[in-house]
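Student: what's the 3D shape of this:
(2 chains)
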Amino acid sequence: MDRFIQLALSGIANGAIFALVALGFVLIYKSSDVINFAQGELLLIGAYLTYAMVEQFGLWWPVGVIVAVVLAALVGVLIEQLVLRPLIGEPVISVIMVTIGLSSLLRAIVGAIWGTTPRPAPQFLPTDTVTILGANVSIDRIWAFVLAITLFVILTLFFRYSREGIAMRAVADDQQAALSMGISVKKVWAVAWAIAAITAAVGGILLMSIFGGVSGTIARVGLIVFPVVILGGLDSIPGAIIGGLIIGLLQSFAGGYLPPEWGLGEVVPFIVLLLILLVRPYGLFGQRIIERV
Amino acid sequence: MQSGTFHTTYASDVSLRPYWPQRIRIVVVLVAALIFPWFADRYWLNLANTIAIAAIGAIGLNILVGYTGQISIGHGGFLAVGAYTAGLLAVHLGTPMWLTIPIASFFTAAVGAFFGLPSLRLKGLYLAIATLASQEIIIWLLTHGKLLGIGESLSLPRATNNLFGLPIEWLGNNDFAFYWICLVFLIFTVIFVSNLFRTRTGRAFVAIRDQDIAAQVIGVDLFRYKLLAFATSSFFAGLAGALTAHYRGVISWERFTIDTSILYLAMIIIGGLGSVSGSIYGAAFMVLLPAFLSNIARALSGIVPDINSYLPYLQQGAFGLAIILFLIFEPEGIVKMWRNVKDYFRLWPFSY
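Tutor: Model prediction:
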């Protein structure tokens, strides 16, 4: 039973981070129909920027984190302006490929600046463990969970009550109608990329703290968002959260209970992904607009 | 000046290359390909073989993505299936190359058709994500292959590299001999695929790409033709994979990760979607780009001392940048650039 709780808690904590990453992904997809294959690299950039601010420039960590997050948001806007803007109206494959090219370019830039050897992460989250229901959980995972939930609440409120948030929902719903109501679609896309970059940066910082170091493996998490968002529904924000938690738990249980040499933890999300796509392509909470032939 | 296409005989109407400049060009290219290996050293032969194998794989992917409009991010996985099928046959049964290559191709075609099943319900980016999942699942099978009796990497016995009992050393050294083998397979692939799109099946593929619902209305069986497109595409992936296995002699799963799938997608995007020659240009571009950069780095290493340690990032960054720049400035790829050049000279000096 202890083992079950242990696995469940670590699954939830990982799931919370997946959810954060997926959140940014869904945001971009919802407002601009762009599938962002570079989400993992946004994580990487967030983590390395924080590392640079705190360790290399020696800033006090709250300041360092804020500066890093702001810089990450700028990178997001820059990407949208320079790379995605010229491709408006191009076919799906072009948009997919351009984000793939982007991910390779970003990885190269990060690699050229910081190298590939893992670097120790600045420790600002406490690493002690606490015992919950007889299972040991390290505090940074609880932090990750709390932060993910907080961001989720903030974003939900933002979408429901703020002017910008409502504009984003309008654009997601119908670009033409939004345009004719005087909403600047360009601005909305820039904001969407900025928010996506911010959530990714926060996710990256949390991952850095959990892994205890920054290295290229953080970008690997970018792939896991695909099972998460498909499970939850590509255009659903609650879906991203619940999908993230489910995939996190699945991974944790599959890795923990099945023989470790099978290494099923990595592949289970993708098997789930294929099954979901076959049975319910719009996911648990997505809009049923999928066209079937 | 040529002002249109006027066929006066049926033979010229159905021929693949009706004009004499095209025929001259083919002869020139063929002659160049035939004399190239006698003058090239092993470095260039190796590059040429890599390009030829990549071109076969890229043409295969182009059948699926460029002609049938089904996006696949799982091509690396299918290459792996081809390579490992050939490798396992060669290692465990000592099957010679001239048998393993066709067997691997057909087996990969079957695997491809299986992973093409989701395409019946999904399209566009959903299909792309589904193929991404098949890629991850295939690679997982290979990395945890002990369960299935597959080692993580295989080294193929040299003795299996024979053609109908003749060892290929008879042709010359490994690179030289494989140059001819790859060339033959590449020519076969080019002729097969160029003709494929003049047949009923190929036209059905193109109809599915252009408007799948309309295609179904006029009687194209989507179930059959989509699976057929996946199978044909994977057939050539298997061919390329099996050739890689025999040429390199050692295979491991690292060669076939999602990065490989992306590399092949980049080849056909940069070369030109829906174009056989474009696939070859793209393959050449993507193989030569990193080689070119490492040559530049070697040349500059006297002036910029650290350049070699930055080389992998330079290559990766150039790869990403090439994709982005092509998509922004010439989404139709090298084929379109080449056509622009030709049009310029055809109309010159009256450019309007």
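Student: Tell me where chain B is predicted with low confidence.
Tutor: B:1-4, B:145-152, B:351-352 (pLDDT under 70).
Student: for the stretch 201-350 of chain B, what spans make up the helices?
Tutor: Assigned by DSSP state H, counting those that start in this stretch, the helices in the stretch 201-350 of chain B fall at B:212-217, B:222-248, B:258-271, B:276-300, B:307-329, B:333-347.
Student: Can you pull the residues of the stretch 1-150 of chain B lying near chain A?
Tutor: Neighbours of chain A within the stretch 1-150 of chain B, by Cβ under 8 Å from any Cβ of the partner chain: B:65, B:71, B:117-118, B:120-126, B:128-130, B:132-134, B:136-137, B:140, B:143-144, B:146-147. No exception for glycine: its C-beta is placed from N, CA and C like everyone else's.
Student: Pull out the buried residues from those.
Tutor: Buried members of these, counted by 16 or more other Cβ atoms under 10 Å in any protein chain shown: B:65, B:71, B:117-118, B:121-126, B:128-130, B:132-134, B:136-137, B:140, B:143-144.
Student: Take these and keep only those in helices.
Tutor: If you go by DSSP state H, those have B:L125, B:Y126, B:A128, B:I129, B:A130, B:L132, B:A133, B:S134, B:E136, B:I137, B:W140, B:T143 in helices.
Student: Leaving aside the residues adjacent along the chain, what's closest to the second one?
Tutor: Pointing back at B:Y126 there. A:P281 (5.5 Å; Cβ to Cβ, 6 or more residues apart in numbering or on different chains).
Student: And what about the one you found, helix, strand or coil?
Tutor: Secondary structure, DSSP: H, G, I helix; E, B strand; the rest coil: A:P281 is coil.
Student: To what extent is it buried, counted in neighbours?
Tutor: Neighbours of A:P281 under the rule other Cβ atoms under 10 Å in any protein chain shown: 23.
Student: List the contacts of it.
Tutor: Residues in contact with A:P281 (Cβ atoms under 8 Å, 6 or more residues apart in numbering or on different chains) are A:I230, A:I290, B:R121, B:L122, B:Y126.
Student: What count of nearby residues applies to the first one?
Tutor: Applying other Cβ under 10 Å, we find 29 other residues in the vicinity of A:I230.
Student: what's the distance between whichever strand or helix holds it and the middle of its chain?
Tutor: Using DSSP states H and E, A:I230 falls within helix A:217-232. Distance, stretch centre to chain centre, for helix A:217-232: 8 Å (Cα atoms, centre = their mean, to the nearest Å).
Student: Point out the other helices and strands that that helix packs with.
Tutor: In terms of contacts (3 or more Cβ pairs under 8 Å, 6 or more residues apart in numbering or on different chains; DSSP states H and E), helix A:217-232 is packed against helix A:2-32, helix A:39-51, helix A:92-114, helix A:185-211, helix A:237-257, helix A:264-279, helix B:125-143.
Student: what's the closest of these to B:L265?
Tutor: Evaluated with Cβ to Cβ, the helices and strands packed on helix A:217-232 place helix A:92-114 nearest to B:L265, the distance being 6.2 Å.
Student: Relative to the helix or strand that the closest one is followed by, what are the paired strands and their orientations?
Tutor: For helix A:92-114, the following helix or strand on the C-terminal side (DSSP H and E) is strand A:119-120. Strand A:119-120 has the following sheet partners, assigned by DSSP bridges: strand A:213-214 (antiparallel).
Student: would you put the C-alpha positions of stretch A:240-252 in PDB?
Tutor: What follows is stretch A:240-252, C-alpha atoms only, in PDB (Å, rounded to 0.1, in the frame of the first residue of the first chain):
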ATOM      1  CA  ALA A 240      -4.600  19.300 -20.400                       C
ATOM      2  CA  ILE A 241      -4.600  19.200 -16.600                       C
ATOM      3  CA  ILE A 242      -6.500  15.900 -16.300                       C
ATOM      4  CA  GLY A 243      -4.600  14.300 -19.200                       C
ATOM      5  CA  GLY A 244      -1.400  15.300 -17.500                       C
ATOM      6  CA  LEU A 245      -2.300  13.800 -14.200                       C
ATOM      7  CA  ILE A 246      -3.600  10.600 -15.900                       C
ATOM      8  CA  ILE A 247      -0.400  10.100 -18.000                       C
ATOM      9  CA  GLY A 248       1.700  10.900 -15.000                       C
ATOM     10  CA  LEU A 249       0.000   8.300 -12.900                       C
ATOM     11  CA  LEU A 250       0.000   5.700 -15.700                       C
ATOM     12  CA  GLN A 251       3.700   6.200 -16.300                       C
ATOM     13  CA  SER A 252       4.500   6.000 -12.600                       C
END
